[in-house]
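> any chance you could fold what I've pasted below:
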Amino acid sequence: MDFLETQVERMLSDRRPFDEIEDRIERMSVSDDKKAALWLLAWSGQAEWVRRRTVAEVLTPTVRRLSVLPQPEGEGGALRG
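From the prediction side, this is the model:
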């Protein structure tokens, strides 16, 4: 484990808020790939209820926007991936 991973792990063990950890990662002078890996480390360290709440908060505006868009005939309003 390198120094930056150790910093993120320490913040997790200190129960720092996710947005604080995320801000710290964003300020790091490393590649975007490294930031993404550190972000995933921080995300995986969050309690399941925190991850679910965050996803719901992020997706809710998207789902609301999609639900008001006109749906093509025969699509039945189903979202496709």
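
> do you know how far the most centrally placed residue in the chain is from residue 25?
Among the residues of the chain, residue 43 comes closest to the average C-alpha position under C-alpha atoms, centre = their mean, at 6.5 Å. Residue 43 is 10 Å from residue 25, where distance means C-beta to C-beta, to the nearest Å. Placement of C-beta: from N, CA and C, glycine included.

> so residue 29: helix, strand or coil?
Three-state call for residue 29 (DSSP: H, G, I helix; E, B strand; the rest coil): coil.

> what about it, neighbour count?
Summarising burial for residue 29: neighbours were counted as other C-beta atoms under 10 Å, giving 7.

> for residue 35, same thing?
Residues within reach of residue 35, counting by other C-beta under 10 Å, total 17.

> any idea how far the helix or strand harbouring the residue nearest to the centre of the chain is from the chain center?
Residue 43 is located in helix 32-44, with elements delineated by DSSP states H and E. Between the centre of helix 32-44 and the centre of its host chain there is 10 Å, according to C-alpha atoms, centre = their mean, to the nearest Å.

> buried residues, that helix. List them.
In terms of neighbour count (16 or more other C-beta atoms under 10 Å), helix 32-44 has its buried residues at 35, 37-39, 41-42.

> OK, contacts around residue 5?
Contacts were defined as C-beta atoms under 8 Å, 6 or more residues apart in numbering; by that measure residue 5 touches 38, 41.

> now the helix or strand that it is a member of: how far from the chain's centre is it?
With elements delineated by DSSP H and E, residue 5 resides in helix 3-13, which encompasses its position. In terms of C-alpha atoms, centre = their mean, the centre of helix 3-13 is set 17 Å apart from its chain centre.

> same check on stretch 27-43?
Mean-position distance between stretch 27-43 and its chain equals 12 Å (C-alpha atoms, centre = their mean).

> and for stretch 17-29?
Relative to the chain's own centre, stretch 17-29 is displaced by 12 Å; criterion: C-alpha atoms, centre = their mean.

> what's in contact with that stretch?
Where contact means C-beta under 8 Å, 6+ apart, the residues beyond stretch 17-29 that reach it are 4, 7-8, 11-12, 34-35, 38-39, 42-43, 46, 50, 54.
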